[in-house]
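Visitor: coords below, sequence missing:
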């Protein structure tokens, strides 16, 4: 599903990623761990096509993203990759269901079909009674579940998560972690998760440890 081949990335004089190779299978849940500044988020952003590597290639579901122009890349990202961040980045002026629909609208989905998908996801995530609530009216756990629904609406092959439970209490974090595995079982989606949460890191099929821009272990 994901092939990262000898990628390098520098910012100014700082070498952040130093020749990383990763191969992730379809339906696999992989966590990425390491100290702050090790290169975890940069690696995730390169996999997610938000950053471009200085050298090396990234292939997602058979498509080499390095050969795409910006317009093609944006469309590919919208349809094939879902993002969940530590800070949910919900738009405060929109309701939960409107936030969920945004990626579908960007993809050209009709309003009726987008709303139908969003309602299904709200029900699936036990958020139906929060559909018309704005983010300020939702708990932290509810906001993050809305963000997960938004990531899922276009049925992407890959979900990338950057510290998804970093702002949640232990109970909400546990529920979010369990949700990822439930989704994998039901949809076969591939998850790559950057985390400092040791419990989530150990639950994964594989744990990649990054140190100084290189893969230190892959178990």
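Guide: Sure thing, it's come through. Note that the coordinates shown come from a computational prediction; the quantities given were computed from them, not determined experimentally. Numbers count the residues shown, from 1 in each chain.

Visitor: what about the residue nearest the centre of the chain, which SS state?
Guide: Most central in the chain under Cα atoms, centre = their mean is residue 160, positioned 2.0 Å from the mean C-alpha point. Taken by DSSP: H, G, I helix; E, B strand; the rest coil, the conformation at residue 160 corresponds to strand.

Visitor: where along the protein do the helices fall?
Guide: Counting by DSSP state H, the chain has helices at residues 40-47, 70-80, 96-106, 111-124, 140-152, 170-187, 198-203.

Visitor: Serialize those to a markdown table and add fields for mean neighbour count, mean pLDDT and distance to residue 13.
Guide: C-betas here are computed from N, CA, C, even on glycine. Converted to a markdown table, those look like this (neighbours: other Cβ atoms under 10 Å; pLDDT from 0 to 100; distance: least, Cβ to Cβ, whole Å):
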| stretch | mean neighbour count | mean pLDDT | distance to residue 13 |
| --- | --- | --- | --- |
| helix 40-47 | 22 | 90 | 15 |
| helix 70-80 | 14 | 89 | 27 |
| helix 96-106 | 21 | 94 | 36 |
| helix 111-124 | 16 | 93 | 44 |
| helix 140-152 | 23 | 89 | 35 |
| helix 170-187 | 15 | 85 | 37 |
| helix 198-203 | 15 | 85 | 31 |
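
Visitor: export those helices to CSV and tack on distance to residue 88?
Guide: Shown next, in CSV, are these (distance: least, Cβ to Cβ, whole Å):
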stretch, distance to residue 88
helix 40-47, 16
helix 70-80, 18
helix 96-106, 9
helix 111-124, 15
helix 140-152, 4
helix 170-187, 11
helix 198-203, 17
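
Visitor: nearest to residue 10, out of those helices?
Guide: helix 40-47 (10.0 Å; Cβ to Cβ).

Visitor: output the contacting helices and strands for the closest one.
Guide: strand 2-11, strand 14-24, strand 29-33, strand 55-60, strand 158-162, strand 190-194 (3 or more Cβ pairs under 8 Å, 6 or more residues apart in numbering; DSSP states H and E).
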